[in-house]
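Asks: sequence? don't have it. structure:
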């Protein structure tokens with residue numbers, strides 16, 4: 001084997017090793033999220049905006065009820081009428097990290113869907129962004145119920 005062919009083989013070997021090394025650095029699995037971590041009361045960072053994900057089953061298979069309100073606007077959870085403004089149905093697809101919320105409206109029974117991608121979910125932190133508008137993101141901290 002001549003020197004030129006040895007150098008060529010060495011280049012191919014180096015490229016293969018570099019590719020293998022880079023592939024090894026890439027995450028191979030998505031984060032694992034659980035519905036029970038999502039359920040509960042959350043407060044958006046540095047605001048008075050709250051979201052509660054309940055275990056209450058909605059009328060649709062797989063959807064559960066949730067509520068959201070903003071105390072800075074003098075709206076409190078107790079002010080929300082069942083299944084009206086401030087309420088939503090949600091479905092959390094943990095395998096693809098997608099959170100679908102269907103917001104319920106008092107006027108004419110309108111339903112407004114919103115789809116989010118969850119990027120972080122622990123027992124204390126929830127982060128997600130709007131699927132269609134990735135620049136719109138949210139960060140929440142779990143509220144210990146005895147604190148309220």
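Replies: Okay, I see it. Computed from a predicted model, the values in this text were never measured in an experiment.

Asks: for the spatially most central residue of the chain, name its beta-bridge partners.
Replies: In the chain, the C-alpha closest to the average C-alpha coordinate belongs to residue 118, at a distance of 2.0 Å (Cα atoms, centre = their mean). According to DSSP bridges, the partner residues bridging residue 118 are residue 128.

Asks: how about it, what does it touch?
Replies: The neighbours of residue 118, taking Cβ atoms under 8 Å, 6 or more residues apart in numbering as the test, are 33, 38, 92, 97-99, 126-128. All C-beta atoms are positioned from the backbone trio N, CA, C, and that covers glycine.

Asks: so where is this structure shaky, pLDDT-wise?
Replies: 1-30, 147-148 (pLDDT under 70).

Asks: before we move on, the earlier item: now the contacts of residue 118 as TSV including secondary structure and neighbour count?
Replies: Shown next, in TSV, are the contacts of residue 118 (DSSP: H, G, I helix; E, B strand; the rest coil; neighbours: other Cβ atoms under 10 Å):
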residue	secondary structure	neighbour count
33	coil	20
38	helix	21
92	strand	22
97	coil	18
98	strand	15
99	strand	22
126	strand	25
127	strand	16
128	strand	21
